[in-house]
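Enquirer: next comes the sequence, and after it the predicted model I'd like to discuss.
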Amino acid sequence: MSRARQAAVSLLAIGALTGAAAPPPAQADRSISHDVHPALRAHLVAAYDFDHPVPGDPALERDQGRSGTEIELINGGAAMRVPDRAYRGSRNAVQTRQVDPAVAGNDDWKAGTWSASGVRTLRAFSATAGTTVMGWFKLNMDSPLLNSTAADPADRYNAIGLAGVLTGDSDGHGVRALLELIDVDGELRLVALGRRLDGGNSQTFAANQDWRELLPVGEWVHLAATFDFDTGALALYRNGEPVDGFYTRTDDPWLVSGPGPHLTTASDPRGIKIGGSFPQDTLERNPCDCRMDGLMFLDSVVSASDVRRQYHHLAR
């Protein structure tokens with residue numbers, strides 16, 4: 001059990017002993033960060049700027065959205081919070097990385113939260129018609145990293161994990177909404193990858209442009225991905241502007257051709273993953289040697305104009 005999950009269990013136990021009710025899934029009275037443009041605040045479920053460690057436990061990061069979902073800085077703890085400014089007003093970013101590619105261990109630096117029964121505070125992503133994942137990313141790698149789980153020492157992963165929300169039946173890898181870099185027909189591409197139904201098929205929208213041009217090594221870039229589960233539409237944005245791309249499937253993987261509305265499965269996501277899969281820290285997969293800042297997870301499809309507003313709200 002991760003430290004974040006242990007903390008959640010402890011709070012529930014205390015509530016049971018005192019007769020207090022468990023906290024609601026969405027805490028509407030939480031103060032939303034000024035880093036978020038006003039147009040987005042009503043739909044901001046979770047946000048992390050890595051400037052707000054949990055008092056008494058710097059390996060946990062406080063949520064700046066409305067849900068109060070703490071995440072864990074896995075394996076690296078407080079050392080993963082590094083002084084780097086993705087945008088004005090920022091102080092720290094989170095550093096994720098592979099630790100030892102030659103060992104099939106569980107020591108990679110990544111972040112997130114996990115619960116096998118679902119993370120109740122993320123219930124806004126249950127039975128929702130839309131989701132948006134966005135944030136600032138700085139890559140320090142020019143290819144997927146060596147696969148620590150493979151027998152062949154030269155084998156590499158086929159993807160680089162950025163940030164996403166897990167499905168309600170996820171093993172720690174399967175996602176409802178994800179930004180990542182993944183092999184598409186033999187070529188690594190920046191993608192928005194989503195799944196409407198637990199146990200169902202995923203759809204991927206892949207950028208046409210070379211990923212190394214979209215994410216130059218050592219440069220902060222703002223990315224956003226939107227997922228319209230009602231219509232089946234996905235979109236990518238870079239520095240506030242739409243990214244041209246294509247769908248990897250031309251059929252109906254989300255089963256949205258019939259009468260709607262079409263929503264995601266009515267299940268609480270099992271967590272959030274950042275910089276790699278398996279936030280319960282049971283397996284290594286798709287690590288990212290990168291820094292991230294201003295990560296945001298919203299329960300709606302943010303419009304192109306509002307993605308642009310958010311980028312210019314913070315851009316230096």
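Expert: The structure has been received and is ready for your questions.
Enquirer: tell me the SS of Gln310?
Expert: helix (DSSP: H, G, I helix; E, B strand; the rest coil).
Enquirer: leaving out the residues flanking it, which one is nearest to it?
Expert: The shortest distance from Gln310 to any non-neighbouring residue, by C-beta to C-beta, 6 or more residues apart in numbering, is to His37 (4.6 Å). Where you see a C-beta, it was placed from the backbone N, CA and C, and this is true even at glycine.
Enquirer: next up, the contacts around that neighbour.
Expert: Asp306, Arg309, Gln310, His313 (C-beta atoms under 8 Å, 6 or more residues apart in numbering).
Enquirer: tell me the secondary structure at Arg212.
Expert: Arg212 is classified as helix under three-state DSSP.
Enquirer: thought it was touching Asp142?
Expert: Yes: with contact defined as C-beta atoms under 8 Å, Arg212 reaches Asp142; the gap is 6.7 Å.
Enquirer: got the buried residues for the helix or strand harbouring Val191?
Expert: For Val191, the element it lies in under DSSP states H and E is strand 187-195. Neighbour counts over strand 187-195 (16 or more other C-beta atoms under 10 Å) mark Leu188, Arg189, Leu190, Val191, Ala192, Leu193, Gly194, Arg195 as buried.
Enquirer: elements contacting the helix or strand containing Leu179?
Expert: Secondary structure assignment for Leu179, by DSSP H and E: strand 175-184. Applying 3 or more C-beta pairs under 8 Å, 6 or more residues apart in numbering; DSSP states H and E, we find strand 175-184 packed against strand 130-139, strand 159-166, strand 187-195, strand 202-207, strand 221-228.
Enquirer: next secondary structure after the helix or strand bottoming out on mean pLDDT in the chain?
Expert: None of the helices or strands of the chain scores lower by mean pLDDT, DSSP states H and E than helix 3-18, at a mean of 42. Counting by DSSP H and E, the next helix or strand C-terminal to helix 3-18 is strand 44-48.
Enquirer: does anything pack onto that following strand? Which helices or strands?
Expert: Contact partners of strand 44-48 among helices and strands, from 3+ C-beta pairs under 8 Å, 6+ apart: strand 290-298.
Enquirer: show me what the strand it packs on is packed up against.
Expert: Using 3+ C-beta pairs under 8 Å, 6+ apart: strand 290-298 touches strand 44-48, strand 92-96, strand 130-139, strand 159-166, strand 271-274.
Enquirer: from Asp169, how far off is the residue nearest to Gln310?
Expert: Plainly put, His37 is 33 Å away from Asp169 if you go by C-beta to C-beta, to the nearest Å.
Enquirer: returning to what we had before: what would the contacts of His37 look like in JSON lines with neighbour count and distance to Gly76?
Expert: Output for the contacts of His37, formatted as JSON lines (neighbours: other C-beta atoms under 10 Å; distance: C-beta to C-beta, whole Å):
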{"residue": "Asp306", "neighbour count": "22", "distance to Gly76": "33"}
{"residue": "Arg309", "neighbour count": "16", "distance to Gly76": "33"}
{"residue": "Gln310", "neighbour count": "25", "distance to Gly76": "28"}
{"residue": "His313", "neighbour count": "19", "distance to Gly76": "29"}
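Enquirer: between those, which is nearest Glu284?
Expert: Gln310 (31.9 Å; C-beta to C-beta).
Enquirer: the closest one and Gly186, how far apart?
Expert: 34 Å.
Enquirer: what are the neighbouring residues in contact with Asp244?
Expert: Ala207, Asn208, Gln209.
Enquirer: need the contact list for the residue nearest to Arg196 when sequence neighbours are not counted.
Expert: Sequence neighbours aside, Trp254 is the residue nearest to Arg196 in space, at 4.1 Å (criterion: C-beta to C-beta, 6+ apart). Residues near Trp254 by C-beta under 8 Å, 6+ apart: Gly194, Arg195, Arg196, Leu197, Gly200, Asn201, Gln203, Phe229, Gly232, His262.
Enquirer: Asp185: neighbour count?
Expert: Residues within reach of Asp185, counting by other C-beta atoms under 10 Å, total 7.
Enquirer: same check, this time on Arg270
Expert: Number of residues near Arg270 (other C-beta under 10 Å) recorded here: 28.
Enquirer: got the contact list for Ile272?
Expert: Ile272 makes contacts with 46, 69, 71, 112-113, 119, 122, 163-166, 279, 297, as judged by C-beta under 8 Å, 6+ apart.
Enquirer: apart from its chain neighbours, what residue comes closest to Pro53?
Expert: Glu61 (6.3 Å).
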